[in-house]
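J.: can you look at this prediction? I've put the sequence above it.
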Amino acid sequence: MNAPVVLKAQGLVKQFGGITATDNVNLELRLGARHALIGPNGAGKTTLINLFTGVLTPTSGRIELLGVDISQLAPHQRVRRGLVRTFQINQLFASMTPLQTLAMVVSQQRGLGGRWWPKLGQDAAVVERCEALLELFRLTEVMHQRTEHLAYGKRRLLEMAIALACEPKVLLLDEPVAGVPAGEREELLQTVAALPAEVSVLLIEHDMDLVFEFADRITVLVNGAVLTEGTPEAIAADPQVKAVYLGHGEEVAHG
Amino acid sequence: MLTILFDGIAYGMLLFILAVGLSVTMGLMNFINLAHGAFAMVGGYLTVVLMQRLEVPFLLCLPIAFAGTALLGAVLERTLYRHMYKKPHLDQVLFSIGLAFMSVASVDYLMGSQQQIMQLPDWLRGRTELWDGALGMGHYRLFIIAVCAALTVGLQYVLAKTRFGSRLRASVDDARVAAGLGIRVNLIFAATFAVGSGLAGLGGALGAEVLGLDPTFPLKFMVYFLIVVAVGGTSSITGPLWAALLLGIADVAGKYYMPKLGSFIVYSLMIAILIWRPQGLFVRKGGR
Amino acid sequence: MNAQQQLLSSARMRGWEPLVWLLAFALPLLVPGHALIVNEVAIVALFAVSLDLVLGYTGIVSLGHAAFLGLGAYASALFAKHVMPDPLVGLLFGMGCATLLGALCSLTILRGTDLTRLMVTLGMALILMELANKLDWLTGGSDGLQGVMMGPVLGRFEFDLYGQTAAWYSLTVLLILFALARRWVHSPWGATLMAVRDNPLRAMAIGIPVHKRLAVVYTVAAALAGAAGALMAQTTGFASLDVFALERSADVMLMLVIGGVGWLYGGVVGAVVFKLMHDVIAGITPQYWTFWIGLFLVVLVMVGRERLIRPWRWFGRAADEKGGAQ
């Protein structure tokens, strides 16, 4: 039942001066996975995502996407190959509306981003896709409001919608439900979990309830290095993991 | 050739004193102040007025120029500049260009547009020749080098050894954290801006004889100050010092050996350096 | 209005637009004595629009945009003097030279801080000014390049003393380039540009090659500025050093700020308002015009740019003001 590996980190190291933020990390993300990355604050989870996406260059090690070495590729090139991320703090386009934003992303995704002559919105297929995404993320009522005027919850949804508009093959989510009211968190993650099986998801999250509901595989990162990795049941029972989280007020043991 | 070097060093040191205030305020407040040259001009005109109308001796004019311009700087900082710190750089550029325009026009109106002649005291005129004329040192330029060197040493001392200096350095590194540690960042800003403007005024007074003084001074020399800051970086004062010396020597040498090309050399050098090292030539690692 | 209509609506022409252009073209006929002023404003408007592409659509503060204006002016003036006096070919030549310089410069603006970019752009303008000054055998040095005689436009329309041909020529070029820029800004490409302006980090994270975008916009802006410079030299008959001066770059930035940054018409509005302001103030105090401009700048910035003028947003009259209805 071993699905092919879609994203692989091999011996990944990142040092900032004297600090080792990523310590010889090996990680494999398989096709269709719902893989969670957990660990205490400062464990280097976001750094790892930044290494994957190319925002940071590793001190050593390599990264493979769909079997191809992407360690030398620029961030936008990795996105073109299907590696997409969301940000822990919303990174949106303040002066554009959700509709405009998604229209722009979808056009870019479909290779229309280089077109000078047609007007944005002329392509009906693009608009249809936008409407579908807006519907899925319940942004339809606010689709004409400038992003800077949107409520936080809606912005978080837009953050996710943008990522999906990129037609990702591998999706890296950096604390997607941070700041989202408790009632809506599950819905948001259901949307993600309901993605087609071809999309593989790596998720950073602190909310353990959600992690255990969502993930089929968990990697625990501590001080930049992988502490352990396994199924949710194995991780929940692992005494090392419990020790790491002791004092954080988080309940690790869940079914 | 030694004379060229000597003149270049004098010019460079003068540029440093003129520009160091700009560099520190850029590093501290992240503020692009294109009106910095106006403070230099004020110092120069203040000196000229004191000497010509009130017959104040030249040496006494220098500290007065410093103090007067510093006071002006402090007042402007508290009333106008303070509101600009958080604004985007475009606004800062527009604002400071506006101030520069206003200062140029005001001085033109008050003092006329002609070049001001500086009457140096006798003991500063004259020239010493060494090694059969291989090195000709104008006394005034010697004086400039001496004063600027003393100021540089003083500045380094203040920055490195005094409490104010360490507070200033902390605020440059991270103003928010510094404030959180109880450092009165607002006061530091005001004091630094005042001193920086005062130094510019002093530089203007010192430099009037060498650089010329007329109402277009702020715009004419603004580019040079900016070059010193852009190339020298804003995270130390040794960076701008080296940049200023480099600029001074390059400009004097360029104008002497290749007068046809003039300032072309300096500008091209600057662009080349900035393309190679966009953060400036002398920035320490991790600096801004 | 459904989604598609809403998206397209921003690109649709507003009712007032054709009226404004018609009025502009009618002016040389209605007030023939002022045709030269119309010409001047049209040229400056084009220059301002070109800066808007840089400032308003990429956020780069450039104090050296006059470099392209000047290069366009001198290049087309020299072309007319030494190669052929046809205005349109000369215009294309001037634009071409400016485009090349723009492409070259675009490599330099991609890196560094705001201050670095400011310096590099300023440095370029100063270098060109020095070159024009020193290569006086070619450019006339500080006297400027005089006696540029132009042939008739399209072989038929002679440049007359009153400036009517000049005004219509400049207005036509302005209109064509403006229309192209407008179309461009509303395309999917243009939308990615807005994204780069708003959030370059995220733009990169959705696959937009940010550096390439910036380089292309800068180059196109240079081309438009070059066109303005060419028009200037061709319609006035000479090119002089002050075309490179800092005051030029500062003036046009002020115009743009008055008219509103980021909506293309800001350049046109700003140019008109600035010209009016200039004539009124210079009429009262001809010598100290810079003082009032300086004061205006200071006050403008302290009060807050957005509060003085409300520019059209990219999406038309802000729908969000109605609470996001439809």
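T.: Thanks, I have it. Being a predicted model, the structure only gives us computed values, none of them experimental.

J.: quick check, residue C:269 in contact with residue C:261.
T.: No - in this structure, residue C:269 is not within contact of residue C:261 by Cβ atoms under 8 Å, at 11.2 Å. To be clear about C-beta, it is placed using only N, CA and C from the backbone, and glycine gets the same treatment.

J.: now for residue C:45: which residues touch it?
T.: Shown in contact with residue C:45 (Cβ atoms under 8 Å, 6 or more residues apart in numbering or on different chains): C:174, C:267-268, C:270-272.

J.: now it, nearest residue through space, not along the chain?
T.: Of all residues not flanking residue C:45 in the chain, residue C:271 sits nearest, at 3.8 Å (Cβ to Cβ, 6 or more residues apart in numbering or on different chains).

J.: now do residue C:191 against residue C:11, distance only.
T.: 11 Å (Cβ to Cβ, to the nearest Å).

J.: neighbour count for the two, which is higher?
T.: residue C:191 (28 against 20; other Cβ atoms under 10 Å in any protein chain shown).

J.: helix, strand or coil: sort out residue B:153 for me.
T.: helix (DSSP: H, G, I helix; E, B strand; the rest coil).

J.: ramachandran angles for the residue of the stretch 1-150 of chain A found nearest chain B?
T.: Nearest residue of the stretch 1-150 of chain A to chain B: residue A:17, at 7.7 Å (Cβ to the nearest Cβ). Backbone dihedrals for residue A:17, given as degrees, to the nearest 10, come out at phi 60, psi -120.

J.: on that earlier part again, can you verify my assumption that the residue nearest to residue C:45 contacts residue C:44?
T.: Yes - between residue C:271 and residue C:44 there is a contact under Cβ under 8 Å: 4.6 Å.

J.: now the common contact residues for these two.
T.: Common neighbours of residue C:271 and residue C:44 (Cβ under 8 Å, 6+ apart) are residue C:255.

J.: show me where pLDDT drops low in the stretch 201-326 of chain C?
T.: Along the stretch 201-326 of chain C, the model assigns pLDDT under 70 to residues C:305-326.

J.: going along the chain, name the strands of it.
T.: Applying DSSP state E, counting those that start in this stretch to the stretch 201-326 of chain C gives no strands.

J.: swap in the stretch 1-150 of chain B?
T.: For the stretch 1-150 of chain B, the strands defined by DSSP E, counting those that start in this stretch cover B:127-130, B:135-138.

J.: got a markdown table for those, with distance to residue A:141 too?
T.: Converted to a markdown table, the strands of the stretch 1-150 of chain B look like this (distance: least, Cβ to Cβ, whole Å):
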| stretch | distance to residue A:141 |
| --- | --- |
| strand B:127-130 | 82 |
| strand B:135-138 | 77 |
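
J.: past the helix or strand hosting residue C:124, which element shows up next along the chain?
T.: In the assignment (DSSP states H and E), residue C:124 maps to helix C:114-134. With elements assigned by DSSP H and E, the helix or strand that comes after helix C:114-134 is helix C:136-139.

J.: can the next helix or strand after that next one be found next to chain A?
T.: Of the helices and strands lying after helix C:136-139 in sequence (DSSP H and E), the nearest is helix C:164-185. Yes - applying Cβ under 8 Å from any Cβ of the partner chain, one finds helix C:164-185 touching chain A at C:183-184.

J.: ok, residues contacting helix C:164-185?
T.: A:116-117, A:119, C:11, C:21, C:24-25, C:27-29, C:32, C:35-36, C:38-39, C:42-43, C:45-46, C:49, C:53, C:57, C:87, C:91, C:153, C:157-160, C:190, C:193, C:220, C:224, C:227, C:231, C:234-235, C:264, C:268, C:314.

J.: can you do 7 Å?
T.: Applying Cβ atoms under 7 Å, 6 or more residues apart in numbering or on different chains, the contact partners of helix C:164-185 are A:116-117, C:21, C:24-25, C:28, C:32, C:35, C:38-39, C:42-43, C:45-46, C:49, C:53, C:57, C:87, C:91, C:153, C:157-159, C:190, C:224, C:227, C:231, C:235, C:264.

J.: mind giving me the packing neighbours of the helix or strand that it is followed by?
T.: Next along the chain after helix C:164-185, taking DSSP H and E as the criterion, comes helix C:188-198. Helices and strands touching helix C:188-198, by 3 or more Cβ pairs under 7 Å, 6 or more residues apart in numbering or on different chains; DSSP states H and E, are helix A:98-109, helix C:35-58, helix C:200-205, helix C:210-236.

J.: change it to 10 Å
T.: Judged by 3 or more Cβ pairs under 10 Å, 6 or more residues apart in numbering or on different chains; DSSP states H and E, helix C:188-198 is in contact with helix A:98-109, helix C:35-58, helix C:164-185, helix C:200-205, helix C:210-236.
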